[in-house]
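Asker: the sequence isn't on hand, but the structure is:
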């Protein structure tokens, strides 16, 4: 039986002070600034792809014209959604604004299983709201040491690869997100690589500039060797001083080995949590999640 998802425990905001509603993309750039202040190191223009995934799922709490809180609940499929951007404006925390925003926004997901990546300080809060921990997600950062020369089976992504990449992505992610993947691959400024074997897609990865350095995500591959080839192809053109950040599921020992071998070190971690059963995926193929905000 699916657990009931209740609001986190905190003091409620006084009635009449807060308006919560789904908001257009242009209003979310301020929230991206909050994430930068929190050290999330957002990718450049991530929010355009995020918001387009479910425009009705990006909620802002406002007092008059001032944005004071945020929460995204992206419905990927009839049985799966992902929660992110649970934030209150600096200087306004502890007033119940987050709780009020949660209560107003959560009906959007209906009976779906909801996933999220929780900072350790909030794990107990989410447990009280009906979430169960699945595993840690480890953030690795560093200046990549050179790997092997780019493998001949690793290629720049073209439009001809999009459908096959989306099908491969579905094996690694709990829902079909074909439209999101296409946007993610084609956002200007990004480097996307695909690995082929006998003409079939067996892995892909995306490198994007971020507030600090670069982020890799996703990095999905059928074998560690494929993941290594993709990582090396994505980072081959970077300056030696450039830092790269990658978020990996802690249970994937091969992913930890890859990042360590390439000179990255663990900097922080979050806890992947869910409210109910998650559609099965090939977890061993996840060498880097797409983002902590959208899974």
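Answerer: Right, received. Where do you want to start? What you see is a predicted model, and the numbers here were worked out from it, not measured in a lab.
Asker: hey, where'd the helices end up in the stretch 51-200 of the chain?
Answerer: Listed in chain order, the helices of the stretch 51-200 of the chain (DSSP state H, counting those that start in this stretch) span residues 97-105, 123-128, 162-172, 178-186.
Asker: just the ones you listed: most buried one?
Answerer: Across the helices of the stretch 51-200 of the chain, the average number of neighbours (mean count of other CB atoms under 10 Å) peaks for helix 97-105, which reaches a mean of 22. In this view, the C-beta of every residue, glycine as well, is placed from N, C-alpha and C.
Asker: out of the helices of the stretch 51-200 of the chain, nearest to residue 136?
Answerer: helix 123-128 (10.3 Å; CB to CB).
Asker: and for the residue lying closest to residue 37 once chain neighbours are set aside, the neighbour number?
Answerer: The spatial neighbour of residue 37 that comes closest, neighbours along the chain excluded (CB to CB, 6 or more residues apart in numbering), is residue 90 at 6.6 Å. Here the count is done by other CB atoms under 10 Å, and residue 90 has 9 residues near it.
Asker: how near is residue 123 to residue 76?
Answerer: When distance is defined by CB to CB, to the nearest Å, residue 123 is 23 Å away from residue 76.
Asker: equivalent analysis for residue 45, please.
Answerer: Applying CB to CB to residue 45 and residue 76 gives a distance of 21 Å.
Asker: with neighbour numbers in mind, choose between those two.
Answerer: Neighbours per residue (other CB under 10 Å) separate residue 45 from residue 76, with residue 76 holding more: 22 against 16.
Asker: so what's the more buried one up against?
Answerer: When the contact criterion is CB atoms under 8 Å, 6 or more residues apart in numbering, the partners of residue 76 are 53-54, 82, 174-177, 295.
Asker: out of those residues, who's the most crowded?
Answerer: Each of these was scored by neighbours using other CB under 10 Å; the highest score is residue 82's, at 30 neighbours.
Asker: how close does it sit to residue 287?
Answerer: For residue 82 relative to residue 287 (CB to CB), the value is 19 Å.
Asker: and the lowest-mean-pLDDT helix or strand in the chain, what does it pack against?
Answerer: When the helices and strands of the chain are compared on mean pLDDT, DSSP states H and E, helix 29-37 comes out lowest with a mean of 89. Other elements packing on helix 29-37 under the criterion 3 or more CB pairs under 8 Å, 6 or more residues apart in numbering; DSSP states H and E are helix 46-53, strand 66-77, strand 80-88.
Asker: go through those and pick out the most buried.
Answerer: Note that of the helices and strands packed on helix 29-37, strand 80-88 is the most buried (mean count of other CB under 10 Å), with a mean of 24.
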